[in-house]
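J.: Have a look at this prediction, sequence included:
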Amino acid sequence: MADQRVLIIDDDRLMRNSLVDLAEAAGWVTKALARATDAERWIDQFQPDVILSDVRMPDVTGLDLLKSLVVAPPMVLISAHGDIPTAVEAMRHGAYSFVEKPFDPKRLLLILSHAAQAHQMQQRNVRLKERLRELSGVDRVLLGQTPQMQRLRDTIAMVAGADSTVLLQGETGTGKDLVARLIHDLSARCDGPYIAVNAAQISAAHLPYIAREASGGTLLLDEIGACPPDVQPLLLRMIDAGETLAPDTGLPEKVDLRIIAATNEDTDASVKAGGLRADLMFRLNGFAINLPPLRDRRDDISLLAMRFSQEFASLYDSDPPALRDDELSTLMAHEWPGNVRELRNLMDRRVMMARHGITSLHDAMSAHDTEGAHKSGLREAVAAFERQMIAKAIQTHAGRMEDVARELGIGRRTLNEKIVKLGLDKTALL
């Protein structure tokens, strides 16, 4: 409680000193005023978590002060002349609580503590929302003005301030991993490690090493519905007791980490089918966040498409191709089984193909197979064309990759990614 601050306002010197002694004995940082006339200045300077004020004072009463403050911490009013009308009016104007003299010291301290905690939580959420808006890369997941996305942003800011387990549920491509990373980046653990693993591929022997690596930070367990049965009781112990078994001795070893689980499956069905332990699911579901599919927020599609188009145009050092009305209509009508990831990949192809003279969105969409089946056609033709251009440039510049990237008009990182994606062997070309 040492970080809790109370501004005490009372014109009665004995009562004022008594309240200061009571609060400081309980660990509060205090500032005392004999008049409410200077209260606003001291609120700005002292930054209290709660204001404790007498009601009846000369010049400015506690009730007058309550009515005049626009932005202020919670206010608790105290008076020897308290009556029902005064209490009702105080609460109507936003007082946190109203206490009559003589009061129970323990009850007063409890009221002040609750008021301060509420204020600190509100301030923390404000700071988290501001930080959320400032984080680079947030727009990739959270860009959008639909009510669903506004709620998601607010929920992430709220959840990040706690340290409970989180369950992220959403279809493939809705951004579960990136939302998990945001929660970590906005949390008090942001300076610690962020480790993401596929829960389906964890072994019991491997889990202690993962826990050690993530200690002090956040562990994302993706595809939690496919977690092996022998690993689940170990995860349960990690959540309940904050410990795992040391791999070298087999003895309990303390770990300090936050667990976020993610799934695109129906967890209730997984529990009923026996794939997931009900007690583990209960503990993982400390706070559930459902990520909306793109088809349920169609008003965001055009905004996302234009943002991704600009992003990839900047990456490829080209102008973003314009989207015609009929193409926007096509985007709006599509069901987006791959969600935001599918739209982002589509705009990547659209910009890349536009650089080679293929400017139709419909061609870019036809080059994509959402079911993953291999098809010959435009996609393969474009890949072959790029492979040929990059190979020729590598040979022309004798493997000097800065010169190769400059000739192709792309960044060095983009060039490296394409070499890997296209399966080019630089050594074989030289």
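T.: That came through, no problem.
J.: Pull the contacting residues for Gln310.
T.: The contact partners of Gln310, taken as Cβ atoms under 8 Å, 6 or more residues apart in numbering, are Pro320. Placement of C-beta: from N, CA and C, glycine included.
J.: which parts of the host helix or strand of it are buried?
T.: Counting by DSSP states H and E, the element that carries Gln310 is helix 301-315. Under the neighbour-count criterion of 16 or more other Cβ atoms under 10 Å, helix 301-315 has 301, 304-305, 307-309, 311-313, 315 buried.
J.: CA atoms only: put the helix or strand following it into CSV for me.
T.: Proceeding N to C from helix 301-315, the next assigned helix or strand is helix 325-333, under DSSP H and E. This file holds the C-alpha atoms of helix 325-333, laid out as CSV (Å, rounded to 0.1, in the frame of the first residue of the first chain):
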residue,chain,number,x,y,z
ASP,A,325,-15.2,-0.2,-57.2
ASP,A,326,-15.9,-3.6,-58.8
GLU,A,327,-12.7,-5.0,-57.1
LEU,A,328,-13.8,-3.7,-53.7
SER,A,329,-17.2,-5.3,-54.3
THR,A,330,-15.4,-8.6,-55.0
LEU,A,331,-13.4,-8.3,-51.7
MET,A,332,-16.6,-7.5,-49.8
ALA,A,333,-18.4,-10.6,-51.3
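J.: can you pull the buried residues of helix 325-333?
T.: Burial within helix 325-333, assessed by neighbour count using 16+ other Cβ under 10 Å, is assigned to 327, 331.
J.: so what does it touch, helix or strand wise?
T.: For helix 325-333, the packing partners by 3 or more Cβ pairs under 8 Å, 6 or more residues apart in numbering; DSSP states H and E come out as helix 301-315, helix 361-366.
J.: ok, residues contacting that helix?
T.: Counting by Cβ under 8 Å, 6+ apart, helix 325-333 makes contact with 298, 301-302, 305, 323, 343, 361-362, 365, all of which sit outside it.
J.: could you redo the last one with a cut-off of 6 Å?
T.: Judged by Cβ atoms under 6 Å, 6 or more residues apart in numbering, the contacts made with helix 325-333 from elsewhere in the structure are 298, 301-302, 305, 361.
J.: centre of the chain versus the helix or strand following that helix, how much separation?
T.: Following helix 325-333 in sequence order, the next helix or strand is helix 339-354 (DSSP H and E). Using Cα atoms, centre = their mean, to the nearest Å, we find the averaged C-alpha position of helix 339-354 to lie 25 Å away from the chain's own average C-alpha position.
J.: Following the lowest-mean-pLDDT helix or strand in the chain in sequence, what is the next regular element?
T.: Counting by mean pLDDT, DSSP states H and E, the chain has its least confident helix or strand at helix 138-142, which shows a mean of 56. Next along the chain after helix 138-142, taking DSSP H and E as the criterion, comes helix 147-160.
J.: Any figure for the gap between the closest residue to Leu257 other than its chain neighbours and Ile260?
T.: With Cβ to Cβ, 6 or more residues apart in numbering as the measure, Ala214 is the residue that lies nearest to Leu257, at 4.7 Å, once sequence neighbours are left out. Distance check for Ala214 against Ile260: by Cβ to Cβ, to the nearest Å, it reads 11 Å.
J.: So between the two, which is more surrounded?
T.: Between Ala214 and Ile260, counted using other Cβ atoms under 10 Å, Ile260 has the larger neighbour count: 29 against 23.
J.: Now do the SS call for that one.
T.: When the structure is reduced to helix, strand and coil (DSSP: H, G, I helix; E, B strand; the rest coil), Ile260 reads as strand.
J.: Next: Lys106.
T.: helix.
J.: Use 454 as the first number from now on
T.: Noted, 454 is the first residue going forward, which turns the last one into Lys559.
J.: Do you know the pLDDT at it?
T.: Residue-level confidence at Lys559 comes out at 92, pLDDT.
J.: Leu530 belongs to a strand, doesn't it?
T.: Yes - for Leu530, which was evaluated using three-state DSSP, the result is membership in a strand.
J.: How many neighbouring residues does it have?
T.: The local packing of Leu530 (other Cβ under 10 Å) involves 28 other residues.
J.: and Arg806, what does it touch?
T.: If you look again at residue 806, you'll see it is Met, not Arg. By Cβ under 6 Å, 6+ apart, Met806 lies in contact with Ala817.
J.: any idea how far it is from Pro527?
T.: In this view, Met806 and Pro527 are 58 Å apart by Cβ to Cβ.
J.: and what of Asn743?
T.: Counting by Cβ to Cβ - Asn743 and Pro527 are separated by 32 Å.
J.: Look at these two and report which has more neighbours.
T.: The residue with more neighbours, out of Asn743 and Pro527, is Pro527; 22 against 14, by other Cβ under 10 Å.
J.: OK, contacts around the more buried one?
T.: Here Pro527 is in contact with 503, 549, 568, 572 (Cβ under 6 Å, 6+ apart).
J.: same thing but at 8 Å, please
T.: Under the criterion of Cβ under 8 Å, 6+ apart, the neighbours of Pro527 are 502-504, 549, 568-569, 571-572.
J.: which phi and psi does Ile742 have?
T.: Geometry field for Ile742 lists phi and psi as phi -120, psi 120, criterion degrees, to the nearest 10.
J.: Figure out the helix or strand that the closest residue to it other than its chain neighbours lives in.
T.: Nearest-residue entry for Ile742: Leu621, 5.4 Å, with adjacent residues in sequence omitted and distances by Cβ to Cβ, 6+ apart. For Leu621, the host element (DSSP H and E) is strand 619-622.
J.: so after that strand, what's the next helix or strand?
T.: Using DSSP H and E, the next helix or strand after strand 619-622 towards the C-terminus is helix 629-639.
J.: pull the CA atoms of that next one into PDB?
T.: Output in PDB follows, covering the C-alpha atoms of helix 629-639 (Å, rounded to 0.1, in the frame of the first residue of the first chain):
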ATOM      1  CA  LYS A 629      -4.100 -15.200 -32.300                       C
ATOM      2  CA  ASP A 630      -0.300 -15.200 -32.200                       C
ATOM      3  CA  LEU A 631       0.000 -11.500 -32.800                       C
ATOM      4  CA  VAL A 632      -2.700 -10.700 -30.200                       C
ATOM      5  CA  ALA A 633      -0.800 -12.900 -27.700                       C
ATOM      6  CA  ARG A 634       2.400 -11.000 -28.500                       C
ATOM      7  CA  LEU A 635       0.500  -7.700 -27.900                       C
ATOM      8  CA  ILE A 636      -0.700  -8.900 -24.500                       C
ATOM      9  CA  HIS A 637       2.900  -9.700 -23.600                       C
ATOM     10  CA  ASP A 638       4.200  -6.300 -24.900                       C
ATOM     11  CA  LEU A 639       1.600  -4.400 -22.900                       C
END
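J.: Nice, that's everything, thank you.
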